[in-house]
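> Pasting the sequence and the predicted model now:
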Amino acid sequence: MKKKCAICDGLDKEFNLCEIHLKAYENLNVGYEDWVKALNNELSMNEYLNKILNLQDTGNAIREVATYLLENNTSLTQNE
Amino acid sequence: MSNTLIICEKPSAAQHIAEALNSSKEVKKGIKYGMPYFRITTKDGDAIVCSAIGHFYQIAPKYRYNRRNYPIYDLAWKPKYLVERGKDRQKKWIKAIKEFADSSDIFIDACDYDIEGSLIGYSILKYACKNSDKRARRMKYSTLTKKELSESYENSNPTLNFFLINAGICRHELDWMYGINLSVALTESVRKYSKKYFTLSTGRVQGPTLKFIINREKEILTFVPLPYWIIKVLAEINGEVFELEYEVDKLKTKSSADEVVKQSRGQTGRIENLDQKNFHLYPPTPFDITSLQIEAYKHFRFSPRQTLNISQRLYLNALISYPRTSSQKLPASIGFSAILNKLSEMLEYRNHTKKILSLNKLSPYEGKKSDPAHPAIYPTGVIPSKKLEIKDKKLFDLIIRRFLATFGENGLKQSNKISIKEADNTFYLRGSRILKKGWIEYYEPYAKFEENLLPIFSVGEGVKFVRVKIEERYTKPPVRYNPSSMVKLMEGERIGTKTTRADILDILYRREYVKEDRIIATPLAFKINEILTKYCPSITEVSFTRELEDMMSNIELGEGKKEVVIIRAIEKLKEILGNLHEKEIEIGEELFDVIGKIKLANITLNKRCPQCNSVLYIIRSKKTKKRFIGCSGNKEKKCNFSLPLPQKGTLKLLDRYCKKCGFQLIQTKIRGRKPMIACSNCFINKERKLAVKQTTA
Ligand SMILES: [Zn+2]
Ligand SMILES: [Zn+2]
Ligand SMILES: [Zn+2]
């Protein structure tokens, strides 16, 4: 009945996200583009995620999505 | 000669009023059924001055009801002692007032001149004084000084202010209807789904307020910091080293920043010109309650509620004017020079008052906001008869200095910018200084302007760049609200009133929807907001609440009818409750789910079991009924790890850790005592502290 979230509910098969994690996922995507522009393409997705995780002001939902992506080796471009 | 009964809002106000109006030798103080009263003589004859303690009457369902049979729309005013338990004092005071009323023929309402005060006075006159609300007179005053009180008695209004009273009745009825019915709807949905009882609440103002906090929290949770670069140049001018800023303060790509460094490193720039601008610094406006709350939070970290309480106390000591005002205006009729002269008796203000009194015109720098009932907050000139408590003294000082500052002349500030050119790049050196202090002098230490003096130089002069480097920085998430910025936001959004905003915040904290000074929304708050947004969005939207607020303001101004507003509100409420009712079980399930998670989180430790690395919980033994920290691996892994806990008081797992062993600290709070923080791990190892004596392992 209720839609499950891959991160909140610890699912690793389906990639469904709740409202807040979906928003975080979108912001991560947009953020990656900005980071790449700022650093002249010298940044892989994994480097980006690791860099973000080390910054103090990174939002907690962003951290959760980034960690999930790193652990599950899911690329950001994969469709939900 | 006749007998007059004067009703005040609080006993301390009653005393000031009795002393101000009495023309006989002394004020005779008496006590009737526990209520203090004052017997005085005025030019009109004998008078009794008595008082309430807050509301004696309140809104309640008209008929007997069962909470589960919501919604309830039929309301009536009833004595508080019939509605709430433990209100025996109110019952006795009403009896005392009734007996005095029986032998009186003139009635005067001298409660605070605002919505709540008018309502308190009105309900006592109507229900305890033989329906005398229609013929009672009304005293209107903003300070408890003798002069103003006698004038207000002489010039009392022939009738009560029914605009204010109706606005008050309307507000109470709406808040009751919305608050109770919606909260019961949420609580009931959980009970129907789970058979468990858990108090939940929302309301007309609470809903939108919470939504603001949640939206901010969402922005913070999903914030991705972006990099930018700044250029820092250390340059030598006349043998002194200064830090220059680059023309672009934030460079968005690393390559552009690197480029600037490459070009400028080791170079010598040339001073091109000096840009000089003068700014007027206007005085601050007189305090209304919101700006006082904000300023007191800024300088003393007083919460809006604290500031309200302290200012109320200062008012009741006749030291300041009525604080629950939204006015930023000071009429000349309050007597500026008389007040300033009296303030000169306090040494610390004497130099300032002297200076201000010597100005050729006394006119305060007023703000836009006004209030039909009261002027802005100002010191009355009365000197404290006893030493004030530290917090009271701080707020009093702030109010006095603010009052003085509003009479001050504009300050004048000069800002300077030297431009230094090197090839295609421009760098700046900024400075500023105060040319004229004006009002700032009176408002110190609450006004501060840092001066930043520039070196002596001449245009065309060379400037050697000693060091050029870049720094990588990251954008910041939006800041969390604090109690002060929240109250300011609510005022800007026109929700709640100047006196209820602090209460709404208190409720959010009490229900554990928010926590900490930098307001953080809890998971429960997220859920409540999510459900309300899903099933009845209008209750979380500011527009509907604002519509009602505006309609109520019109009643206050005599431009609207209470009945119209109530009909509109009920219509909307019926629609909202209908939606909630329809989805009751679904809502109950969703809420119960999150309540369960919170309850579990509240008993789950952050530290894992040192023996088997399983999760640790606070558990209560079924056999001994005693609580302790136990290991969730006790069945599967046969782990027997456990730690003792205090058996009395409310436990709370803290986000703090033991300095000795690193274990999570636990707070125990017993009502009326200071909370105690202890480490269970160290406790078992040795240090048996006195306070955890009853503990068993
Ligand atoms: Zn989620
Ligand atoms: Zn264990
Ligand atoms: Zn310890």
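That came through, no problem. Ligands and ions are numbered 1, 2, ... in the order given.

> mind showing which ranges of the stretch 1-150 of chain B have poor pLDDT?
Counting by pLDDT under 70, the stretch 1-150 of chain B shows low-confidence ranges at B:1, B:67.

> try it again with 90
The stretch 1-150 of chain B contains residues with pLDDT under 90 at B:1-2, B:25, B:43-44, B:54, B:62-72, B:83-87, B:130.

> ok, the residue in it positioned nearest to ligand 1 to residue B:178 distance?
Using Cβ to the ion, residue B:70 is the residue of the stretch 1-150 of chain B that sits closest to ligand 1, at 32.9 Å. Heads up, the C-betas are built off the backbone N, CA and C, glycines and all. Look at residue B:70 and residue B:178: by Cβ to Cβ, to the nearest Å, they are 12 Å apart.

> Tell me which of the two has more neighbours.
Of the pair residue B:70 and residue B:178, residue B:178 is the one with more neighbours under other Cβ atoms under 10 Å in any protein chain shown, namely 25 against 20.

> how close does that one sit to residue B:494?
In terms of Cβ to Cβ, residue B:178 sits 17 Å off from residue B:494.

> now swap in residue B:403 and tell me
Note on residue B:403: its distance to residue B:494, by Cβ to Cβ, is 27 Å.

> what about those two, which has more around it?
Legend: neighbour count by other Cβ under 10 Å for residue B:403 and residue B:494, higher for residue B:403 (28 against 14).

> can you confirm that one is in a helix?
Yes: if the criterion is DSSP: H, G, I helix; E, B strand; the rest coil, then residue B:403 is within a helix.

> Give the buried residues for the lowest-mean-pLDDT helix or strand in chain B.
Least confident helix or strand of chain B, by mean pLDDT, DSSP states H and E, is helix B:680-685 with a mean of 78. Buried residues in helix B:680-685, counted by 16 or more other Cβ atoms under 10 Å in any protein chain shown: B:680-683.

> Could you do stretch B:535-543 as well?
Within stretch B:535-543, the residues scored as buried using 16+ other Cβ under 10 Å are B:535-536, B:538-540, B:542.

> does the closest residue to residue B:325 other than its chain neighbours count as helix, strand or coil?
Closest residue in space to residue B:325, ignoring its immediate chain neighbours: residue B:374 at 3.9 Å, by Cβ to Cβ, 6 or more residues apart in numbering or on different chains. Three-state call for residue B:374 (three-state DSSP): coil.

> Residue B:113 is in contact with residue B:374, correct?
Yes: in this structure, residue B:374 is within contact of residue B:113 by Cβ atoms under 8 Å, at 6.7 Å.

> Can you check which residues contact both of those two?
Common contacts of residue B:374 and residue B:113 (Cβ atoms under 8 Å, 6 or more residues apart in numbering or on different chains): B:142, B:322.

> Contacts only, for residue 56.
No chain specified, so I'll use chain A. Residue A:56 touches nothing, counting by Cβ under 8 Å, 6+ apart.

> was after chain B, sorry
Residues near residue B:56 by Cβ under 8 Å, 6+ apart: B:79-80, B:90, B:93-94, B:120, B:123-124, B:128.

> In helices, which of those residues fall?
If you go by DSSP state H, those have B:80, B:90, B:93-94, B:120, B:123-124, B:128 in helices.

> mind putting these in JSON lines, neighbour count and distance to residue A:38 included?
Shown next, in JSON lines, are the ones in helices among the contacts of residue B:56 (neighbours: other Cβ atoms under 10 Å in any protein chain shown; distance: Cβ to Cβ, whole Å):
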{"residue": "B:80", "neighbour count": "18", "distance to residue A:38": "63"}
{"residue": "B:90", "neighbour count": "21", "distance to residue A:38": "66"}
{"residue": "B:93", "neighbour count": "25", "distance to residue A:38": "70"}
{"residue": "B:94", "neighbour count": "22", "distance to residue A:38": "71"}
{"residue": "B:120", "neighbour count": "25", "distance to residue A:38": "62"}
{"residue": "B:123", "neighbour count": "23", "distance to residue A:38": "65"}
{"residue": "B:124", "neighbour count": "30", "distance to residue A:38": "68"}
{"residue": "B:128", "neighbour count": "23", "distance to residue A:38": "72"}
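
> Alright, calling it a day.
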